[in-house]
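Engineer: Give me coordinates for this.
(one chain, ligands or ions: 1)
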Amino acid sequence: MPSLLRLKPMIAVLTLLTLIFISASRALAHADYVSSEPPANGTVTSAPERVVIVFSQELKPEGNTIRVTDARGNQVDRGDTALDRNDPNRKTLIVSLNPGLSDGVYTVNWKNASTDGHSETGRFRFTINTGATPAAAPLPATSGEEAPWQTLLAVGAGALLIGWGLRRRVMRQS
Ligand SMILES: [Cu+2]
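Structural biologist: Numbering: from 1, shown residues only. Just a heads-up that it's a prediction; the model follows:
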């Protein structure tokens with residue numbers, strides 16, 4: 001039966017389109033992670049006072065939690081997750097952190113409740129690295145004379161990096 005043979009690709013295409021439609025509407029219908037401060041997998045150079053997460057959809061005022069833990073699993077947030085009052089779209093959550101967090105890797109677990117009745121969960125990490133070594137301390141005022149060779153060093157390092165990048169590109173093309 002030739003008609004049945006012709007039907008098979010059509011069914012395949014329809015199935016594919018349905019799957020695409022379902023995944024697209026799912027993405028539209030939930031409050032997914034858009035961005036955060038600190039950023040996911042990012043490194044900050046000073047201890048943040050809070051974690052802010054922006055989602056793709058309006059959230060309910062209740063039922064949202066951001067839980068932040070240190071590398072040992074200890075809670076370092078203050079349990080005060082709330083909508084950001086500065087966001088008129090109600091897509092932003094904020095939680096306060098304990099002051100003066102030490103360098104290390106922190107895990108953020110979030111759970112939200114969007115106004116369409118759905119709930120999403122997610123997790124990301126960020127690193128605090130204040131570079132708290134004597135070498136990273138602010139340079140004394142007398143360091144003005146060092147500026148020229150420091151600039152030279154920076155330019156030299158930049159040139160090396162660019163050269164290395166070009167070489168890699170050339171090697172990849174050949
Ligand atoms: Cu939804």
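
Engineer: Now stretch 34-54: average pLDDT?
Structural biologist: Averaging pLDDT along stretch 34-54 yields 98.

Engineer: Quote the end-to-end distance of it.
Structural biologist: Start-to-end span of stretch 34-54 (Cα to Cα, to the nearest Å) is 6 Å.

Engineer: Just checking the distance from it to the centre of its chain.
Structural biologist: Put simply, stretch 34-54 sits 7 Å off its chain's centre (Cα atoms, centre = their mean, to the nearest Å).

Engineer: now stretch 157-173
Structural biologist: Worked out by Cα atoms, centre = their mean, stretch 157-173 lies 29 Å from the chain centre.

Engineer: which residues touch the most centrally placed residue in the chain?
Structural biologist: Note on the chain: the residue nearest the mean C-alpha position is residue 40, at 2.3 Å, using Cα atoms, centre = their mean. With contact taken as Cβ atoms under 8 Å, 6 or more residues apart in numbering, residue 40 is in contact with 33, 108, 124, 125, 126. Just so you know, the C-beta spots here come from the backbone N, C-alpha and C atoms, and that holds for glycine as well.
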